[in-house]
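Student: Predicted model and sequence below, questions to follow.
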Amino acid sequence: MKRTLEQIEYQQNTADLAKFAKALAHPTRIAILKHLENQSCCFTGDLVTIFPLAQSTVSQHLKELKNAGLIQGELKPPKIKYCIHQENWKKAKSLFQQFFD
């Protein structure tokens, strides 16, 4: 049975929504995103001073957010600068809005 374009888009959107939801399933990740949304960008070390967590813990949360596509990192040796991935952030907002409507 052939899938229609609408079915493919639905499946992709559903998979993306689940991926974003999983990344947002931890309070620290939500706090990191809220912080990044109010900043143009920041470094891992900046987040370690804001949140009472070990650098390795912050890095793990950043990795999960990056794997979900919600943030992006830019190598600025010896640091990594993180920002909201604007395109995916808009998509996540839209998918959650559709889900809750």
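Tutor: Okay, I see it. Numbering: from 1, shown residues only.

Student: Can you list the low-confidence ranges for the chain?
Tutor: Counting by pLDDT under 70, the chain contains low-confidence ranges at 1.

Student: Next, name the residue at the spatial heart of it.
Tutor: L70 (2.4 Å; CA atoms, centre = their mean).

Student: what residues are up against it?
Tutor: Neighbour list for L70: 20, 23-24, 33, 84-85, 88-89, 92 [criterion: CB atoms under 8 Å, 6 or more residues apart in numbering]. In short, each C-beta sits where N, CA and C put it, glycine included.

Student: Save these as JSON lines, and put in neighbour count, distance to S56 and secondary structure too.
Tutor: Converted to JSON lines, those look like this (neighbours: other CB atoms under 10 Å; distance: CB to CB, whole Å; DSSP: H, G, I helix; E, B strand; the rest coil):
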{"residue": "F20", "neighbour count": "21", "distance to S56": "24", "secondary structure": "helix"}
{"residue": "A23", "neighbour count": "21", "distance to S56": "18", "secondary structure": "helix"}
{"residue": "L24", "neighbour count": "17", "distance to S56": "21", "secondary structure": "coil"}
{"residue": "L33", "neighbour count": "19", "distance to S56": "19", "secondary structure": "helix"}
{"residue": "I84", "neighbour count": "20", "distance to S56": "22", "secondary structure": "strand"}
{"residue": "H85", "neighbour count": "19", "distance to S56": "23", "secondary structure": "coil"}
{"residue": "N88", "neighbour count": "17", "distance to S56": "25", "secondary structure": "helix"}
{"residue": "W89", "neighbour count": "18", "distance to S56": "25", "secondary structure": "helix"}
{"residue": "A92", "neighbour count": "23", "distance to S56": "26", "secondary structure": "helix"}
